[in-house]
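Trainee: below are the sequence and a predicted model for it; my questions follow.
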Amino acid sequence: MPRIIVGAAIISDGRVLACERAQPPEMAGKWEFPGGKVDPGETEEQALVRECQEELGVEIEVGQRVGADISMLNGSAILRVYLATLVNRAQPVPLEHSDLRWLSHDELDSVPWLPADAPIVAALGPLLPSSA
Ligand SMILES: Nc1nc2c([nH]c(=O)n2[C@H]2C[C@H](O)[C@@H](COP(=O)(O)OP(=O)(O)OP(=O)(O)O)O2)c(=O)[nH]1
C-alpha cells in the first residue's frame with residue numbers, strides 16, 4: 001500500500017499559502033503545501049490539522065480535495081491535497097519552513113514548486129480569482 005502524504009492548499013483572501021522547504025538539502029528552496037505523512041490510526045483530515053499546527057502554528061478547517069492523487073517515489077507514496085481555510089484568520093508562522101508566501105492566481109508559478117505539486121498548482125488556478 002502506498003504511503004499517503006496530505007497537503008493543505010490554505011486559501012485566504014483569494015490567495016493560496018506556499019511554503020518553502022528548509023530541508024532536506026535536495027528539497028531545500030522548493031515550495032510545497034504544508035502537510036506530511038498520515039500517521040497510523042489518523043484520518044487524512046486529522047493529519048492535515050496536526051501538520052498545520054506543527055508547521056505553521058495555525059488551526060485549519062479542511063475542505064474539498066483539489067486536483068488528482070499524484071503518485072510519487074515509484075508508486076510508494078501518493079500526494080493528496082485538500083483545500084483548507086484558516087480558523088479565526090490566525091497568521092501562519094514558518095516554524096519549520098524557510099519562508100511562506102501568499103500567492104495570487106497570477107503568482108502561482110512564481111515559486112519553484114516540488115515537481116509532484118505541478119498538477120495540483122494547475123488545478124488550483126481556476127479556483128483563485130485572477131485579479132486578487
Ligand atoms: N508536505 C508536503 N510534502 C510534499 C509535497 N510535495 C511533495 O513532493 N512532497 C513530498 C516531500 C517529502 O518527500 C514528502 C513529505 O514528507 P515530510 O517530510 O513533509 O513529511 P512529514 O512531515 O510527515 O515528515 P517526517 O515525519 O518524515 O519528518 O512528500 C507537498 O506539497 N507537501
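Mentor: Alright, I've got the coordinates.
Trainee: from now on I want contacts and neighbour counts done on CA atoms only, so please keep to that.
Mentor: Noted.
Trainee: residue nearest the centroid of this structure?
Mentor: Phe33 (1.8 Å; C-alpha atoms, centre = their mean).
Trainee: tell me the secondary structure at the residue lying closest to that residue once chain neighbours are set aside.
Mentor: The shortest distance from Phe33 to any non-neighbouring residue, by C-alpha to C-alpha, 6 or more residues apart in numbering, is to Gly7 (5.2 Å). Under the three-state scheme (DSSP: H, G, I helix; E, B strand; the rest coil), Gly7 adopts strand.
Trainee: could you give the number of residues near Gly7?
Mentor: Using other C-alpha atoms under 10 Å, Gly7 is surrounded by 27 other residues.
Trainee: ok, it - contacts?
Mentor: When contacts are counted by C-alpha atoms under 8 Å, 6 or more residues apart in numbering, Gly7 is found next to 33-36, 48, 79-82.
Trainee: how does it look with 7 Å?
Mentor: Taking C-alpha atoms under 7 Å, 6 or more residues apart in numbering, we find Gly7 in contact with 33-36, 48, 80-82.
Trainee: what does Trp113 give?
Mentor: Contacts of Trp113 (C-alpha under 7 Å, 6+ apart): 30-32.
Trainee: do the same with Ile4
Mentor: By C-alpha under 7 Å, 6+ apart, the contact list for Ile4 reads 37-38, 77-79.
Trainee: which helix or which strand is home to it?
Mentor: Assessed by DSSP states H and E, Ile4 sits inside strand 3-12.
Trainee: cool, and Val81?
Mentor: Using DSSP H and E, Val81 falls within strand 77-86.
Trainee: keeping just the C-alphas, turn the following helix or strand past that strand into PDB.
Mentor: Following strand 77-86 in sequence order, the next helix or strand is strand 99-103 (DSSP H and E). Provided in PDB are the C-alpha atoms of strand 99-103 (Å, rounded to 0.1, in the frame of the first residue of the first chain):
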ATOM      1  CA  ASP A  99       9.700  31.200   4.000                       C
ATOM      2  CA  LEU A 100       5.900  31.500   3.500                       C
ATOM      3  CA  ARG A 101       4.200  33.400   0.700                       C
ATOM      4  CA  TRP A 102       0.500  34.100  -0.100                       C
ATOM      5  CA  LEU A 103       0.300  33.600  -3.900                       C
END
